[in-house]
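**Student:** Build me a structure from this.
(one chain, ligands or ions: 1)
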Amino acid sequence: MGTAPLGLLSWQHGTLSPSYLNYEEIRRSTSRKHQCTRHLKANHVEVSARKAHEARWYNQSQSRVRDKGFEKLKDGITDLLPINTINSLDRWNGKGLPELGRRKVHYHPSVRCAADSGALFSSADLGANGSYDFKKGKERNGSALYAEELAFVARIFLSLKTLKAFLPNGSWWQAIERQHQRTFNITFTGAMSRLWVLVSPDKLIIGFAFTALVIAALSEITIPHFVAAMIFSAQKGMTNDFYNNARLLVMMSCTYGLFSGIRGGCFGIANQILVKRMRELLFSTLVSQDIVFFDTEAVGSLTSRLGSDCQQVSRIIGNDLNIMFRNGLQGLGAFVYLLTLSWQLALTTLGVCSLMWFLTRIYGRYQKRTARFAQDSIASANEVAEEALSLLRVVRTFGTEKEEVYRYSNWLKKLMEINLRQNIAYGFSTLSSCTLYHTTQVVALIIGGGFVMSGAISAEKLTKFILYSEWVVHSTWWVGDHWASLMQAIGASEKVFQLLELPPCPQLSSVGIVLPQVRGRIQFVDISFSYPTRPQAHVLKNVNLDIKPGEIVAVVGLSGSGKSTLVSLLLRLYEPTNGQVVVDGASLTELDIKWFRKQCGVVSQEPRLFSMNIASNIAYGSDDASQVEIEKAAKLANAHDFIISLPDGYKTMVDNSRLSGGQKQRIAIARALLRDPAILILDEATSALDAESEHLVQKALDRAMRGGVGENKRTVLVIAHRLSTIRAADRIVVMTNGQVAEMGSHDELIKLDGEYARLTKRQLSTLAQ
Ligand SMILES: Nc1ncnc2c1ncn2[C@@H]1O[C@H](COP(=O)(O)OP(=O)(O)OP(=O)(O)O)[C@@H](O)[C@H]1O
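**Tutor:** Now for the predicted structure:
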């Protein structure tokens, strides 16, 4: 097999039109065309023993040859191998094609370059010894020069291909959009009407701001007129006119300064009010969402919406609209003035401004589209940061600081990619605006100078014209700049507006019935349930359970058997897929759920404390509790002694991390007991406490479970893990795979020798070890 030159024959991948590198065109453009064609035809090698994938490439290449109209060449070349990525070549390295032997293949940079751009090669091009040397090829065979030319053309077209990606609507600009999904799109008018609803209660401030804006803008626009008038009256020796103009200039300058200040202050205040109101509204919308919503939305992302996204919106009124109105008004005024000076020159300026505005609209649209993606990336970065910082103890224990930094910086990288595009787009916008700005001056001077020389207008008029045309263009530039910034802010706030439109959780707005007295009978009637985020997983299946008033029921079972889910359904945090929960004969859906929840005391498996003092944490949700009642609840929960031993006693500031697990649990028990609930729900902690803490917590739980007397005896539903708690129950319910497997007293279930007996034995043997 002889060494053949590079057979660069065709191009794939739509970005570069194949016709650009049509073989025939290349052939025509080179003096060695016949020689090369002959050479390729003569040196092609029939590759007989191809592997399956090579055969596939071969077929593809044949169809490409056909598709791209290389019919003539097709007949002569049967062993084309499309090497559209260098990886394909690399895969051959060392392994060898049948005809190349097991030798390493080396590639000339131009082969790599051409291959990257999707060229087809003949296997013969790689040479008999598996390598291709252009210099040697050139010496041996004149056609090699042709190969270099082709490689050169390849480079040019590669550059063109890259350039094309940077043109408006090119693939580089759209790369970001392809990575993100947009489900909600807000228009300019949509955003404005929503913002108006938010700021309308402060019409007075907005009114002041706009009045001041108009006065400041109009007084500022007269300044160039008086400046020019003063210069020319001085030149003509008109002293009276000079001083009159000077007086008016001072007056206008002062008016401008004063009202600019009022304008800035009023817009600033309106801005602060807007952001505050928006954050309040967003927060209240979020806290009134269904629990399912929080199964899908990360907390870090939501706090980012409250912080960063709302801040972006504040720019709209305080900055963008303010400056747009000011410059719009001034630009309009200046243009009217220009028309009075020379309508021909005024129309020239208008032409330039229209072009500038057109470019700005394109730029503004791009900024709006990308802004949302930027905010999404900020939210995701925030989510990672929030997670890592709140779980820093776990991060430190597992030594995964670097991984967390990597996770965080990955989002920052994505954000940077978006910002890079936004900034380059800004660069293009500034470039075009700058060019057009100076073009106006040059055009006005050339045309205006002609008018002056022909005596059509005076030099004073031309000077005023230049000053005001500059003003018009400058105003258009500013309006355009802030239009783009406004669109960016609207884009950034899309998610905020989307969230603000979420209706509150229906149970919060529904008015249900309030029972005169809660006796505490709880019935789970044929309950089936799947979490909305995992509808295929049936967590509870036809659960039937009747808990009598004052009864203590312990629910036991393996982890994941659905015990906590049962409690969530009792508190109506989720709605059952099938069946219903009945309390004292009334369906839970008929009851006023806020009232019902107040009748329940809940101690969750991992109680969380708020960043407030201990007394406020105990009184959380019981606003009218007195200090005496708080202390009584704390004593019942075995928490009083440790609380008073703290430096500030009940006023000690705590948060979720400043107390031990046992202490937090006792505060949570006190919080539940303070309500003196008719129904007590305990999700026993599985985490191991030291013997002393466990003893104290256990005593607190026992006391809590025995609360109430006679008719008012408390109904207790306890998800129990400790044998002592289980034994204290009147009835034990054993759950397996979302179903009630066994039910009865401890002795009954031990006799049954089923699941419960097995669980108990396992626990006893663990304790014995
Ligand atoms: N918010 C949720 N979204 C989706 N699936 C969930 C959710 N909460 C729990 N699950 C799933 O529901 C099933 C039952 O969970 P549940 O918390 O009720 O079990 P459990 O018996 O209380 O377990 P443990 O004793 O470990 O607390 C599990 O498979 C769990 O993965």
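**Student:** Could you see whether the ligand lies near stretch 543-556?
**Tutor:** No: if you take CB under 6 Å from any ligand atom as the test, stretch 543-556 misses the ligand, and the best it gets is 8.3 Å. In short, each C-beta sits where N, CA and C put it, glycine included.
**Student:** quick check: mean pLDDT across that stretch?
**Tutor:** The predicted model assigns stretch 543-556 a mean pLDDT of 90.
**Student:** Count the residues that sit near residue 162.
**Tutor:** 14 (other CB atoms under 10 Å).
**Student:** before we move on, which element is it in?
**Tutor:** Element membership of residue 162 [criterion: DSSP states H and E] is helix 143-166.
**Student:** near the ligand, which residues of the protein show up?
**Tutor:** Residues of the chain lying near the ligand (CB under 6 Å from any ligand atom): 295, 531, 533-534, 539, 557, 559-565.
**Student:** so which residue of the stretch 351-500 of the chain comes closest to the ligand?
**Tutor:** Here the stretch 351-500 of the chain gets closest to the ligand at one residue, residue 387, 16.6 Å apart by CB to the nearest ligand atom.
**Student:** Can you tell me the element the closest residue to residue 582 other than its chain neighbours falls in?
**Tutor:** Leaving out its chain neighbours, the residue that sits closest to residue 582 by CB to CB, 6 or more residues apart in numbering is residue 523, at 4.2 Å. Assigned by DSSP H and E, residue 523 falls within strand 522-529.
**Student:** List the buried residues of that strand.
**Tutor:** By neighbour count with 16 or more other CB atoms under 10 Å, strand 522-529 contains the buried residues 522, 523, 524, 525, 527, 528, 529.
**Student:** do you know how far the second one is from residue 578?
**Tutor:** In this case it means residue 523. Taking CB to CB, to the nearest Å as the criterion, residue 523 is separated from residue 578 by 15 Å.
**Student:** One more: the last one?
**Tutor:** Computed with CB to CB, the distance linking residue 529 and residue 578 is 8 Å.
**Student:** Also the fourth one?
**Tutor:** Spatial separation of residue 525 from residue 578 under the definition CB to CB is 10 Å.
**Student:** Give the ranges of residues in this structure that sit below the confidence cut-off.
**Tutor:** Applying pLDDT under 70 to the chain picks out residues 1-151, 153-154, 161, 165-184, 510, 685-712, 766-769.
**Student:** Now for it: which helix has the highest residue count?
**Tutor:** Longest among the helix segments of the chain by residue count, using DSSP state H, is helix 401-453.
**Student:** Can you name the residues bridging to the residue nearest to residue 582?
**Tutor:** Beta-bridge pairing for residue 523 (DSSP bridges): residue 546, residue 582.
**Student:** hang on, it packs against residue 581?
**Tutor:** Yes: contact criterion CB atoms under 8 Å: residue 523 and residue 581 qualify, at 7.2 Å.
**Student:** So what's the residue count around residue 209?
**Tutor:** A total of 25 residues lie near residue 209 under the criterion other CB under 10 Å.
**Student:** what do you get for the one 10 residues further on?
**Tutor:** A count of nearby residues for residue 219, using other CB under 10 Å, gives 19.
**Student:** show me what contacts it?
**Tutor:** Contacts for residue 219 (CB atoms under 8 Å, 6 or more residues apart in numbering) come out as 252, 253, 255, 256, 259.
**Student:** residue contacts, the closest residue to residue 598 other than its chain neighbours?
**Tutor:** Using CB to CB, 6+ apart and skipping residues adjacent in sequence, the residue nearest residue 598 is residue 675, 6.8 Å away. Contact analysis of residue 675 by CB under 8 Å, 6+ apart lists 598, 599, 601, 621, 622.
**Student:** how close does the second one sit to the ligand?
**Tutor:** Same thing as residue 599. According to CB to the nearest ligand atom, to the nearest Å, residue 599 stands 22 Å off from the ligand.
**Student:** wait, that residue sits on residue 681?
**Tutor:** No: here residue 599 does not reach residue 681: they are 10.9 Å apart, not a contact under CB under 8 Å.
**Student:** name the element the residue most central in space within the chain belongs to?
**Tutor:** Nearest to the centroid of the C-alpha atoms of the chain, with distances taken as CA atoms, centre = their mean, sits residue 376, at 1.4 Å. In this assignment (DSSP H and E), residue 376 forms part of helix 343-390.
**Student:** Distance from that helix to the middle of the chain?
**Tutor:** Taking CA atoms, centre = their mean, to the nearest Å, the mean C-alpha location of helix 343-390 is offset from the chain mean by 17 Å.
**Student:** by contact count, what packs against it?
**Tutor:** helix 171-179, helix 299-304, helix 322-341, helix 401-453, helix 459-492, helix 494-500 (3 or more CB pairs under 8 Å, 6 or more residues apart in numbering; DSSP states H and E).
**Student:** Turn those into TSV, including distance to residue 242.
**Tutor:** Listed next are those as TSV, based on distance: least, CB to CB, whole Å:
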stretch	distance to residue 242
helix 171-179	55
helix 299-304	60
helix 322-341	21
helix 401-453	23
helix 459-492	13
helix 494-500	56
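**Student:** and the residue of the chain most remote from its centre, which of the three is it?
**Tutor:** What lies farthest from the middle of the chain is residue 237; by CA atoms, centre = their mean that is 66.2 Å. The three-state assignment at residue 237 reads coil, by DSSP: H, G, I helix; E, B strand; the rest coil.
**Student:** State the distance from it to residue 733.
**Tutor:** Taking CB to CB, one finds residue 237 at 108 Å from residue 733.
**Student:** likewise residue 489?
**Tutor:** 56 Å.
**Student:** Can you report phi and psi for the closest residue to residue 713 other than its chain neighbours?
**Tutor:** Nearest non-adjacent residue to residue 713, counting by CB to CB, 6+ apart: residue 550, 3.3 Å away. For residue 550, the backbone dihedrals (degrees, to the nearest 10) come out as phi 80, psi 0.
**Student:** picking up where we left off before, wait, isn't the residue nearest to the centre of the chain in contact with residue 495?
**Tutor:** Yes: counting by CB under 8 Å, residue 376 does reach residue 495; the two are 7.3 Å apart.
**Student:** which strands and helices sit next to the longest helix of the chain?
**Tutor:** Using 3+ CB pairs under 8 Å, 6+ apart: helix 401-453 touches helix 171-179, helix 343-390, helix 459-492.
**Student:** okay, these, which one's buried deepest?
**Tutor:** helix 459-492 (a mean of 23; mean count of other CB atoms under 10 Å).
**Student:** just the angle between that one and helix 322-341, please?
**Tutor:** Here helix 459-492 points in a direction 150 degrees away from that of helix 322-341 (axes from the mean of the first three to the mean of the last three CA atoms, to 10 degrees).
**Student:** With respect to residue 666, which of the helices and strands packed on helix 343-390 lies nearest?
**Tutor:** Nearest to residue 666 among these is helix 299-304 (26.6 Å), distances taken as CB to CB.
**Student:** Distance-wise, check the residue nearest to residue 598 relative to residue 512.
**Tutor:** Counting by CB to CB, the gap from residue 675 to residue 512 is 19 Å.
**Student:** got it, and residue 251?
**Tutor:** 68 Å.
**Student:** These two: who's more crowded?
**Tutor:** residue 512 (16 against 13).
**Student:** quick one, what contacts the more buried one?
**Tutor:** Here residue 512 is in contact with 589, 590, 591, 592, 593, 595, 596 (CB under 8 Å, 6+ apart).
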